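Take this sequence and fold it.
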Amino acid sequence: MELRQIEYFLAVVEHGGIGGASVSLGVTQPTVSQALRALERELGVQLFHRIGRGMVPSAAGRALVGSARQIVRDVGSVDDALAVGSDQITGRVEILASPFADGSTIADVVAAFVSAHPTATIRVGELDDESLAAAVIEEGRCDFVVTHLHPVETAVDDALEVIVLGEQEFWLVCPSGTVLPDGPIDIADLPHIPMVFVPRGGTVADEIESAMREAGVRPPIAVLAEDREERLPMVLAGIGATLLERRVAESVADRTTVRPVRPRFVRNFALMYDPTALSIAAQAFVDVVRTLHREN
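This is a model prediction of the structure:
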């Protein structure tokens, strides 16, 4: 097995076909096809299924993705170390973060790592679906995930470790023009306007709905949004109110009516990772996070 074959395999996975992979790699399509066939012969398995003009990984291909990505990261770390010097931390750390996690906390951690290890690089991407946090780590798509925990005690696979970074509070966000008293709003005093919620099942929405029922509040439900990210656009469109992370709520306070609520609804957000799959750079990142965590 050659590193080139692994890189071509991952390019096909990421681009969904040989055409896109060949463009990203700067090689011809036959070159990619031949490398894949050689890899399949060596491994004795079929790595892809052809679907129309695209390609999707087979069961064997999906099983290989995580290890393949780890191999590429490890080789990159070795190359960087040889180029810079063994006394410096090099390589790249990859993080996928929920768009609703506290961006300032993530920025503080990244800044501390870059300051401590200027010869290393760090990439922060977006975690599209928090329910897939454990899966993207197990597949080797990143070193770390920053996500909410629902709750922290039950959200993590035994093979993964967690460093809780903080908590986020959820505030009421209503369409512009909604008349509300100043200060925190008691759940029992929520305005009788349509609400935009997500379906029940392991989210803070369950706690909010339970609190409403206990307070005897029955607001009309305008929309059950399967995608959490759909809620804010619906509020901005005037469809109804919802509860959003405080950072998000405050960012649209000029276009909506925003209030804290009582009782407070909070969620822990944390860094998740597989301690058995850390590169030298990734371990250095963990050390920086733990140092900041102790200081705070």
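
hey, let's count contacts and neighbours off CA atoms from now on
Noted.

Lowest mean pLDDT among the helices and strands, pick that one out for this protein.
helix 59-84 (a mean of 72; mean pLDDT, DSSP states H and E).

could you measure Thr257 against Val56, distance?
Computed with C-alpha to C-alpha, to the nearest Å, the distance linking Thr257 and Val56 is 45 Å.

Sorry, slip of the keys, the one I care about is Pro194.
Counting by C-alpha to C-alpha, the gap from Pro194 to Val56 is 42 Å.

Kindly report the same for Pro260.
In terms of C-alpha to C-alpha, Pro260 sits 46 Å off from Val56.

And Gly66, by the same measure?
For Gly66, the distance to Val56 - C-alpha to C-alpha - is 15 Å.

which helices and strands sit right next to the longest strand along the chain?
Ranked by residue count under DSSP state E, the longest strand found in the chain is strand 161-175. Counting contacts by 3 or more C-alpha pairs under 8 Å, 6 or more residues apart in numbering; DSSP states H and E, strand 161-175 packs against helix 231-236, strand 242-245, helix 246-251, strand 256-259, strand 261-262, strand 266-273.

quick one: that strand to strand 266-273, angle?
140 degrees (axes from the mean of the first three to the mean of the last three C-alpha atoms, to 10 degrees).

Neighbouring strands of strand 161-175 in the sheet, and parallel or not?
Strand pairing for strand 161-175, using DSSP bridges, gives strand 242-245 (antiparallel), strand 256-259 (antiparallel), strand 266-273 (antiparallel).

Export these as JSON lines, with columns for mean neighbour count, mean pLDDT and distance to Phe285.
Output for the strands paired with strand 161-175, formatted as JSON lines (neighbours: other C-alpha atoms under 10 Å; pLDDT from 0 to 100; distance: least, C-alpha to C-alpha, whole Å):
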{"stretch": "strand 242-245", "mean neighbour count": "23", "mean pLDDT": "88", "distance to Phe285": "26"}
{"stretch": "strand 256-259", "mean neighbour count": "23", "mean pLDDT": "95", "distance to Phe285": "36"}
{"stretch": "strand 266-273", "mean neighbour count": "22", "mean pLDDT": "88", "distance to Phe285": "11"}
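
coming back round to it: can you tell me which of the helices and strands packed on strand 161-175 is nearest to Ile137?
strand 266-273 (6.6 Å; C-alpha to C-alpha).

centre of the chain versus the closest one, how much separation?
Distance of strand 266-273 from the chain centroid (C-alpha atoms, centre = their mean, to the nearest Å) equals 11 Å.

Check stretch 245-255 too.
Offset of stretch 245-255 from its chain centre (C-alpha atoms, centre = their mean): 21 Å.

Stretch 187-202 too?
25 Å.

go on, stretch 124-143?
On C-alpha atoms, centre = their mean, the centre of stretch 124-143 falls 5 Å from that of its chain.

So which bits of that stretch are buried?
Within stretch 124-143, the residues that count as buried by 16 or more other C-alpha atoms under 10 Å are 124, 127, 130, 133-134, 136-143.
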